[in-house]
Structure formats: C-alpha cells, structure tokens
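Peer 1: Dropping the sequence and predicted coords here.
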Amino acid sequence: MDESKDKMQEAEDEEMTVDYANNVMFEASVWDLKLTFGEFSQRTNSVEWHTSITIPWAQAKLMIYFLQANVAAYEINNGKIRIPDPVLPTEWPSSVPPEQANDPKALEALEVLKKLRKQFLDSLK
C-alpha cells in the first residue's frame, strides 16, 4: 500500500462517520446543491434529519453518472431494484403556473422534468 493510501486509511479511521439514510432532501442554490439526509422513524412518523452535505454542481452532475453506473451494475448482478408504489415520484403538473406561462425556460424545465420521470418509471419495467 502506498503512502497516500495509508494516510487516507488513517484519516478514515479517525474522522469518518457512518450513518444510514432512507430519505434525502435537496436544496439548490446558484453555487451548489445541499443534500440533507435523514431516516424515517415509525416512532415519530416523521423523518429525523441528521446530516447535510453541500456539493458543487459539477460534482452533482458527476454523481449522476456514477450513481447510474453503480445501479446498473447492481441490477445486472441482482435484478431490478423494486421501488414501492407509495414512494414513486408523483406526476408533474400539466402546465407551469400562470405567472410563468410566458417564460420559455419554465416551460422547458417542466418538459425536462416530465421526460425524466417517464424515463425513471420506464427503467423500473
């Protein structure tokens, strides 16, 4: 093992925390994306939020690729991941709010969101 791997392992042993999350909330800004993680508690019937990580948009885009690669590899080896109906993403509205009706970017964004949802649902088949 080279020196950099030794240092990384040492840092992980001393500083790394391990948590579990079955919920994630997204908060976008011009600069970055904040991911807040939590776990649903049946005791309180709510999500107990515990960890927040903020990443730049370039990292978010790279994460999409690597998440898709890992999910694809997992499904090749283990079969399709089943998503329970109650947590499937809901349908997007059929139109943008009236105050955005003349905004071409709002219309484009809505179409992209609808397309992404369809692709996601199709991937579950």
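Peer 2: Sure, I can see it.

Peer 1: What separation do you get for Ile81 and Lys34?
Peer 2: To Lys34, Ile81 is 25 Å away according to C-beta to C-beta, to the nearest Å. All C-beta spots, glycine's among them, are computed from the backbone N, C-alpha and C.

Peer 1: Compare those two (neighbour count), which wins?
Peer 2: More neighbours surround Lys34 than the other of Ile81 and Lys34, with 13 against 10 (other C-beta atoms under 10 Å).

Peer 1: mind listing what the more buried one touches?
Peer 2: Residues in contact with Lys34, defined by C-beta atoms under 8 Å, 6 or more residues apart in numbering, are Phe26, Glu27, Ala28, Ser52, Ile53, Thr54.

Peer 1: so which strand or helix has the closest residue to the third one other than its chain neighbours?
Peer 2: This means Ala28. Ranked by C-beta to C-beta, 6 or more residues apart in numbering and with sequence neighbours excluded, the top spatial neighbour of Ala28 is Lys34, at 7.8 Å. Per DSSP states H and E, Lys34 falls inside strand 32-41.

Peer 1: Can you give me the buried ones in the helix or strand following that strand?
Peer 2: Under the assignment DSSP H and E, the closest C-terminal helix or strand after strand 32-41 is strand 46-56. Buried residues in strand 46-56, counted by 16 or more other C-beta atoms under 10 Å: Val47.
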